[in-house]
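Engineer: Pasting the sequence and the predicted model now:
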Amino acid sequence: MSDDPVLRVDGVSKSFGSVEVLSDVSASIPSGSVVAVIGPNGSGKTTLLRTLVGDLRPTSGVVSYVGPDTDRPIGYLPQEPTFRPGFTAAETLAFYSSLLDGRDPEPLLERVGLAAAADRNVEALSGGMRQLLGIAQATVGDPPLIVLDEPASGLDPNMSESVFGTAAEMAGSGTTVLVSSHDLALVEATADTVVVLDRGSVAAIGSLVDLRERFETDSLRGVLNAVVGDTDAVAVVGGNR
Ligand SMILES: Nc1ncnc2c1ncn2[C@@H]1O[C@H](COP(=O)(O)OP(=O)(O)OP(=O)(O)O)[C@@H](O)[C@H]1O
């Protein structure tokens with residue numbers, strides 16, 4: 001991890017109509033680290049990630065990419081990745097690669113454990129395999145920042161672990177990985193920095209050690225419960241609209 005940030009987020013708010021979903025979010029994302037965004041359902045994780053990658057425009061505030069100058073600064077796995085039908089997994093990656101560095105996509109498929117399905121059409125992939133293809137797609141062109149929205153969603157425990165392991169390896173070689181997840185054990189095993197979102201605001205941010213100390217607990221679940229309370233209902237921002 002380096003002290004140089006790859007992304008700066010200054011006072012970002014995002015509203016849909018009259019409902020404010022993100023409120024005054026500021027953060028600095030350090031290079032070569034795994035940064036995890038956690039928080040209850042509906043707390044704004046996807047909205048934040050979509051705003052950071054430029055998929056949504058903030059209502060106010062600024063997101064600045066300040067990493068190395070490159071053809072693809074940010075790779076992104078959306079919460080529900082979609083692919084053009086009629087292409088195989090390998091052809092899908094080859095298409096993205098042809099727009100960037102033109103490198104053989106086979107190693108990317110191998111890295112996510114999808115090499116055996118390289119010639120399978122995207123419509124014929126299982127949900128988990130689509131997720132893995134989406135993760136491979138996010139890494140095409142070697143972007144300095146990779147943003148993964150719930151990458152473990154739909155994956156079996158071994159594949160989830162492998163995806164987070166890959167994220168840690170990428171961070172070890174200088175890539176920054178920003179990931180949202182509900183899997184606190186994997187976040188705890190992998191993340192250098194954790195951002196806790198609660199109803200659209202950053203309720204806490206820091207290293208795991210800092211957060212555990214600050215909230216006097218020995219687990220990330222303890223941190224989350226201390227920050228947002230251990231309720232069993234979704235907090236719906238803006239009421240029932
Ligand atoms: N396009 C939209 N229009 C209106 N409201 C939206 C839109 N997208 C998200 N929201 C609202 O913003 C809030 C945050 O949603 P978001 O998907 O960002 O949360 P999340 O933390 O990713 O949730 P989850 O963990 O369930 O995936 C929710 O109340 C949601 O209903």
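Structural biologist: Arrived safely.
Engineer: Outside of the longest helix along the chain itself, list whatever touches it.
Structural biologist: Counting residues, the longest helix in the chain under DSSP state H turns out to be helix 157-172. Residues outside helix 157-172 that contact it (Cβ atoms under 8 Å, 6 or more residues apart in numbering): 1, 32-34, 111-113, 128, 132, 135, 139, 146, 148, 151-152, 155, 177, 179, 183, 186, 189-190, 192. C-beta: built from backbone N, CA, C; applies to glycine.
Engineer: Could you chop this structure up by domain?
Structural biologist: Domain assignment for the chain by automatic domain parsing gives 1-68+144-233, 81-143.
Engineer: how about the first one against the ligand, any contact?
Structural biologist: In this case it means domain 1-68+144-233. Yes. Part of domain 1-68+144-233 sits near the ligand under the criterion Cβ under 6 Å from any ligand atom, namely 16, 19, 21, 39, 41-47.
Engineer: Got a quick PyMOL command for the buried subset of these?
Structural biologist: Applied in PyMOL, the following selects the buried portion of the residues of domain 1-68+144-233 next to the ligand according to 16 or more other Cβ atoms under 10 Å:
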select buried, resi 21+39+42+43+44+45+46+47
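Engineer: Tell me which entries of the residues of domain 1-68+144-233 next to the ligand lie within strands.
Structural biologist: 16, 19, 21 (DSSP state E).
Engineer: Turn the residues you listed into JSON lines, columns for pLDDT.
Structural biologist: JSON lines is the format used below for those (pLDDT from 0 to 100):
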{"residue": "16", "pLDDT": "95"}
{"residue": "19", "pLDDT": "94"}
{"residue": "21", "pLDDT": "96"}
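Engineer: Can I get the domains of the chain in CSV including distance to residue 75?
Structural biologist: Putting these into CSV (distance: least, Cβ to Cβ, whole Å) gives the following:
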stretch, distance to residue 75
domain 1-68+144-233, 5
domain 81-143, 4
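Engineer: for the chain, what are the low-confidence residue spans?
Structural biologist: In the predicted model of the chain, residues 1-3, 230-241 satisfy pLDDT under 70.
Engineer: Helices along that one, start to end?
Structural biologist: 45-52, 89-99, 106-111, 127-139, 157-172, 184-190, 208-214, 220-228.
Engineer: So which of the ones you listed is nearest residue 83?
Structural biologist: helix 89-99 (5.4 Å; Cβ to Cβ).
Engineer: Thanks again, I'm all set now.
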